[in-house]
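1. Got a sequence here, can you build the structure:
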Amino acid sequence: MKEITFQNPNISSPLLETKNKISQDKEDKGFGALLENSIDEINNLHKEAEKATVELASGNKKNIHQTMIALEKASVSFQMMMQVRNKIVAAYDEIKRMSV
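-> Numbering: from 1, shown residues only. Sure, this is the predicted structure:
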């Protein structure tokens, strides 16, 4: 993708400002922040699935397909999080066994 530059340095672009802000945000975030955001996202999926289940059970929502999709999203995201956790723990154990 070709980057657009301005001849006049006093002119700014909202797209350029957004791009710079996103780049800065990526640099500020560490591994811990990435994990925290991922866990929050998974928690939100579980809350949505629970809400959809309660609505279906109470009769407020008639669409069982959307409820099942929400439940599967929550389940798959939790399984993925557990696999990532297992890989992190395995990597930590391997680093502990290294001799200095």
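2. Ile95: helix or strand, and which one exactly?
-> helix 64-97 (DSSP states H and E).
3. Please point out which parts of that helix sit buried.
-> Residues of helix 64-97 classed as buried: Thr67, Ala70, Leu71, Ala74, Ser77, Met81 (neighbour count, 16 or more other Cβ atoms under 10 Å). Placement of C-beta: from N, CA and C, glycine included.
4. Adding pLDDT and distance to Leu34 as columns, could you present the residues you listed in CSV?
-> Below are the buried residues of helix 64-97 laid out as CSV (pLDDT from 0 to 100; distance: Cβ to Cβ, whole Å):
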residue, pLDDT, distance to Leu34
Thr67, 92, 30
Ala70, 93, 24
Leu71, 94, 26
Ala74, 94, 20
Ser77, 94, 15
Met81, 92, 12
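5. Go through those and name the one nearest Glu94.
-> Nearest to Glu94 among the buried residues of helix 64-97 is Met81, at 20.5 Å by Cβ to Cβ.
6. Name the nearest residue to the closest one, sequence neighbours excluded.
-> The shortest distance from Met81 to any non-neighbouring residue, by Cβ to Cβ, 6 or more residues apart in numbering, is to Ile42 (5.4 Å).
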